[in-house]
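**Student:** Predicted model and sequence follow; I will ask about them next.
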Amino acid sequence: MKKTLTRRKLLFGAGTVSAGVALGTVDKSYFIPPKVRGGLIGAADVLTMASQRLLMLGQPLAREYSRNDIVKDFPKWGTVFPKDRTYRKHFREGFTHWRLPIEGMVNTPRSFSLTELKRMPRRTQITMHVCEQGWSAIAEWTGVKLLDLLLAAGGVKPEARYVVIHAFDGWYEGYDMFDVVHPQTIVAFGLNGKDLPLGNGAPVRLRVERQSGYKHLKFLKSITVVSSMDNIGKGTGGFYSDNNYHWYGGI
Ligand SMILES: Nc1nc2c(c(=O)[nH]1)N[C@H]1C(S)=C(S)[C@@H](COP(=O)(O)O)O[C@H]1N2
Ligand SMILES: [Mo]
């Protein structure tokens, strides 16, 4: 039950997990979307999420590839340069004044500059990106574990259920704690050994390797921990599902 331990670590902060704490049971919310919608799309969300999560309970890693598998030109898809004025200013300044806030239900809200992120322990992974719109490509991503960022903000409060990420182009997505604590869920500042290029989401983008392309949010603006997705957009759990696509994009 490594997963349960990780969640405990997240709740109380690193180093405070006592060996006597009994292992909890699996959180039911790991199997149910934030909002169960009517009709076929609701049924599909529940079924795909529950069946994939059953397979993933041990939190196995998504497949990692070798350097030889990396594609030459990783696509730049969707937004390639947000129009947002604040974003453009950060871009012109080389992101020297950009900061990533970690807020909401964390014990000590704080923010990180790009330099601070690059100084934290990092993870590098060569994975396959699978876009739901019909393409895939292998690349090497480097960044900080989302779990480490939440721990650096004092860990999450007991009612915390989702992490909502907002992007500079207006996109937002919600992620449940099952995906948040996974070791391959990173806030990436590097692509193939270089700074993340503009079109791929500079200065940082999310990698959530067991989800399809649209969940890998680019151009990160803020990270907020919440107990429910009800007040975010239309409340279905993200920009994509608010626009009548699926919420759960497990692959
Ligand atoms: N903010 C933001 N994030 C985004 C998108 C976007 O348009 N805006 N497109 C998504 C989709 S559908 C995919 S497939 C990937 C594409 O990432 P890439 O541009 O690095 O190939 O980013 C995802 N994240
Ligand atoms: Mo995509």
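**Tutor:** Structure's in. What do you need? Residues are numbered from 1 along each chain as shown. Ligands and ions are numbered 1, 2, ... in the order given.

**Student:** Nearest to ligand 2 within the stretch 51-200 of the chain, name that residue for me.
**Tutor:** Using C-beta to the ion, the closest approach of the stretch 51-200 of the chain to ligand 2 is made by Cys131 at 3.3 Å. In this view, the C-beta of every residue, glycine as well, is placed from N, C-alpha and C.

**Student:** Count the neighbours of the residue nearest to that residue when sequence neighbours are not counted for me.
**Tutor:** What sits nearest to Cys131 in space, not counting adjacent residues and going by C-beta to C-beta, 6 or more residues apart in numbering, is Gly213, at 3.4 Å. Neighbour count of Gly213, defined by other C-beta atoms under 10 Å: 19.

**Student:** what sits against Gly213?
**Tutor:** With contacts defined as C-beta atoms under 8 Å, 6 or more residues apart in numbering, Gly213 is in contact with 77, 129-133, 249.

**Student:** now the host helix or strand of Ala139: how far from the chain's centre is it?
**Tutor:** Applying DSSP states H and E as the criterion places Ala139 in strand 135-145. How far strand 135-145 lies from its chain's middle: 13 Å, per C-alpha atoms, centre = their mean, to the nearest Å.

**Student:** Adjacent strands (with direction) for it?
**Tutor:** Next to strand 135-145 in the sheet, as set by DSSP bridges, lie strand 123-131 (antiparallel), strand 185-191 (antiparallel).

**Student:** Is the shortest one positioned near ligand 1?
**Tutor:** No: contact of strand 185-191 with ligand 1 is not found when judged by C-beta under 6 Å from any ligand atom; the minimum separation is 7.8 Å.

**Student:** Residues contacting that strand, please?
**Tutor:** 74, 100, 114, 117-118, 123-125, 139-147, 149, 175, 179, 195-197, 200, 203-209, 220, 223.

**Student:** pLDDT on it, on average?
**Tutor:** Here strand 185-191 scores 98 as its mean pLDDT.

**Student:** For it, what is the distance to the chain centroid?
**Tutor:** Per C-alpha atoms, centre = their mean, the centroid offset for strand 185-191 relative to its chain is 10 Å.

**Student:** Check which element follows it along the chain.
**Tutor:** Per DSSP H and E, the first helix or strand lying C-terminal to strand 185-191 is strand 194-195.

**Student:** so what's the closest residue to His97 other than its chain neighbours up against?
**Tutor:** Residue nearest to His97 in three dimensions, not counting chain neighbours: His90, with 6.4 Å by C-beta to C-beta, 6+ apart. By C-beta under 8 Å, 6+ apart, the residues touching His90 are 97-98, 203.

**Student:** Give me the subset of the residues you listed that also touch ligand 1.
**Tutor:** Within these, nothing lies near ligand 1 by C-beta under 6 Å from any ligand atom.

**Student:** Looking at those, spot the one nearest Tyr245.
**Tutor:** Pro203 (26.9 Å; C-beta to C-beta).

**Student:** Quick one: name the residues of the stretch 51-200 of the chain near ligand 1.
**Tutor:** So the stretch 51-200 of the chain meets ligand 1 at 75-79, 131, 167, 169, 171, 199-200 (C-beta under 6 Å from any ligand atom).
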